[in-house]
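1. Here is the input, now give the coordinates:
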Amino acid sequence: MFDLLPHLLNGLTLGLLFALIALGFMLIVGLMEQINLAHGSLFALGAYVAMQLTGPRPPLPADLAKLWLALPLGWRYAATLVIAPVIVGLIGMLIEFCMRRTYGKDPLYGLLLTFGAAMVIEELIRLVWGTRDYVLQVPSAINGGFLFGDLIWSSYRFYAAGIAAGIIALVWVLIEKTSFGATVKAGAHDSEIVRALGINLSRLRLLVFVFGTMLAAIAGIIVAPIWGIRPHMGVDAVIPAFLVIVLGGVGSFWGAVVAGLLVGLCVGLAGAYASEWSLLSMYILLVAVVTFRARGLWGKKSVLEV
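-> Just a heads-up that it's a prediction; the model follows:
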C-alpha cells in the first residue's frame, strides 16, 4: 500500500488540476450552451503571459520594469496570478463579442468560430514567443522537494493541488451561494424569463465567458511548472477538459470535479503498473461510463445532443 501511495497522491493532484482546467470549459458549455474550443489556447496564453511577467524582460516601460524586477519573485508571482488572467480575460471578451451573432443558432457556428480563434491564438503565440519550450519561474518556497518515507516528494505539486482545490471551492460558492450564480443558472435555463425580469442577458453572457477564460488562464499558470510551456500545450489541456465534462455530465459542477478526480486517479494508477497505458486509460474510463450513462455521471440534456 505504501508503494502505491505516491501514485494515489499523484493521481489526486492530477485530478484536481484536470478539474480546474475543465471548470471554465464547463461554465461556458453548461451555462451558456456554447462549445469554446479556444479554451485550450487561452489556457496556454495564460501560461505565456505569466512567464513573460515573471521573467527578466517584462513587457513594461523601462522605469516600471526596473521597479517590477526589484520586487521579490514571490510578490511578482502572486501579482501575476491576478494580472495574467485579467489580460487573457480581455482576449476572451473579444471572442465573446464575435460569438454574439451565433447565439440562438446552430451550436456548430460557435464551435467553428472558437476553433478559428484557437488557431489564431496559437499562431500568435508562435509568432511572439517562437516554438521553443519555456519554464515558468516559481518562488523557492513552493519549489523543490522534501523527503518523506524514503521518497522525494514535489513541493510544488502539493501547492498546485491546494490552489486548485481552493479555486474550485470559490467557484462553487460563486455559482451556488450568490445572486450572480443564481442569475447565470437562470439565464442558461430560460433566457426569455431572464430578459423579462429586466436582466441584461448580453452582459451576463459576457461576464460568464470572461470568467471562464480567466479560469483557463489561472489553470495554465498553475499547471505550467509541471507540464512546461509550449505552443501546443493548449491541446494537451482541452482534450482532457472536454473528456472530464462529458464524463461528469455537461453542466454539472460536482460532476466535473468528481470526473476530474476519477480521471486523475485512473491515469496515476495506470502509470504505476503500465505507463504506456496511462493516457489511454482515461479514454477507456469514458467509454465505460457513457456506455451505461450516455449523459455522464450527473448529466442532463445539453448542447452536445443537438
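2. In the stretch 51-200 of the chain, where is pLDDT below threshold?
-> Residues of the stretch 51-200 of the chain meeting the criterion pLDDT under 70: 149, 187-191.
3. Can you show me the helices along it?
-> Ranges of helices in the stretch 51-200 of the chain, per DSSP state H, counting those that start in this stretch, are 62-70, 73-99, 107-129, 155-177, 179-189, 191-196.
4. what does the stretch 201-306 of the chain give?
-> So, for the stretch 201-306 of the chain - with DSSP H, counting those that start in this stretch - the helices run 201-227, 233-248, 253-273, 278-292.
5. Dump the ones you listed to CSV, plus mean neighbour count and distance to residue 39.
-> For every residue, glycine as well, the C-beta is placed using N, CA and C. Below are the helices of the stretch 201-306 of the chain laid out as CSV (neighbours: other Cβ atoms under 10 Å; distance: least, Cβ to Cβ, whole Å):
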stretch, mean neighbour count, distance to residue 39
helix 201-227, 23, 5
helix 233-248, 24, 5
helix 253-273, 22, 13
helix 278-292, 15, 18
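6. Of all those, which one is nearest residue 49?
-> helix 201-227 (7.4 Å; Cβ to Cβ).
7. about what we covered before: including mean pLDDT and distance to residue 70, could the helices of the stretch 201-306 of the chain go into TSV?
-> Formatted as TSV, the helices of the stretch 201-306 of the chain follow (pLDDT from 0 to 100; distance: least, Cβ to Cβ, whole Å):
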stretch	mean pLDDT	distance to residue 70
helix 201-227	89	22
helix 233-248	86	30
helix 253-273	85	39
helix 278-292	84	43
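8. can I get those helices in TSV with distance to residue 139?
-> Shown next, in TSV, are the helices of the stretch 201-306 of the chain (distance: least, Cβ to Cβ, whole Å):
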stretch	distance to residue 139
helix 201-227	11
helix 233-248	22
helix 253-273	25
helix 278-292	30
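9. Out of those, which gets nearest to residue 150?
-> Of all the helices of the stretch 201-306 of the chain, it is helix 253-273 that lies closest to residue 150, at 17.0 Å by Cβ to Cβ.
10. Give me the angle between the closest one and helix 278-292.
-> For helix 253-273 against helix 278-292, the angle by axes from the mean of the first three to the mean of the last three Cα atoms, to 10 degrees is 130 degrees.
11. Which secondary structure element is home to the closest residue to residue 167 other than its chain neighbours?
-> Leaving aside its chain neighbours, residue 167 sits nearest to residue 20 (6.0 Å; criterion: Cβ to Cβ, 6 or more residues apart in numbering). Element membership for residue 20 (DSSP states H and E) is helix 5-32.
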